[in-house]
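1. Coordinates for the following, if possible.
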Amino acid sequence: MNALRFGWMIALVGVMALGCDDNEDDPKNAAGAAGTAGTAGTEAAGAGGAEAAGAGGTGGAGSAPLEVIGEWASMYGDESITEDSWSYMAIIEYDNATNVVITQNPDGDDPLLNPNEYSRLVYTEPAGDSFYYCTSDYGLETLDEARAANGPADASDFVTGCSGFPWTKLTAK
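-> Numbers count the residues shown, from 1 in each chain. All right, here's what the predicted structure looks like:
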């Protein structure tokens, strides 16, 4: 199973490297830095499910909504970020102050999609109509692992600063 995940990630990296345009991805044009996930928010619901974080600055009630909600285009296609989901993944919690989002993959039969596993995404501050994000950690089995994760996410290097891979640029549609 780990060999399948590794092969899938290598293929994804190859596609990302081909689509990266170094002239557009100048790190001097983006703000923000990686941080660690906050601890507020909701816990994952029972086995195989996730309960989305709601509209809180750290996923808790009464705070600001996630600052990157919207419809976005990237070199890989369109992405939709809502208060409950980042594309196909459920948003479990987030922190606008540190620019970290913890997501959980949906339940399913496809082992390549790492069913029910967690990821930690780090994003830059939106600048104009775009921002960058990095999936710094993925394939995590528990929410506690996702909260503690701190994989490499160097916002000064959009070409290889995401655990050795390019950051993804999202532009408003």
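2. Hmm, residue 145 is touching residue 118, no?
-> Yes - contact criterion CB atoms under 8 Å: residue 145 and residue 118 qualify, at 6.7 Å. C-beta coordinates here come from the backbone N, C-alpha and C atoms, glycine included.
3. These two: which is more packed in?
-> residue 118 (26 against 15; other CB atoms under 10 Å).
4. Can you classify residue 145 as helix, strand or coil?
-> Recorded secondary structure, residue 145: helix (DSSP: H, G, I helix; E, B strand; the rest coil).
5. so what's it up against?
-> residue 118 (CB atoms under 8 Å, 6 or more residues apart in numbering).
6. Tell me if I'm right that residue 88 and residue 106 touch.
-> Yes - in this structure, residue 88 is within contact of residue 106 by CB under 8 Å, at 6.3 Å.
7. which one is residue 119 nearest to, not counting chain neighbours?
-> Once flanking residues are discounted, residue 119 sits nearest to residue 138: 4.3 Å by CB to CB, 6 or more residues apart in numbering.
8. Look up how far residue 114 lies from that neighbour.
-> 7 Å (CB to CB, to the nearest Å).
9. Same check on residue 86?
-> 15 Å.
10. Check residue 101 too.
-> The value you get for residue 101 to residue 114, if CB to CB is used, is 16 Å.
11. Just checking, which helix or strand succeeds the lowest-mean-pLDDT helix or strand in the chain along the chain?
-> When the helices and strands of the chain are compared on mean pLDDT, DSSP states H and E, helix 2-19 comes out lowest with a mean of 37. Counting by DSSP states H and E, the next helix or strand C-terminal to helix 2-19 is strand 70-74.
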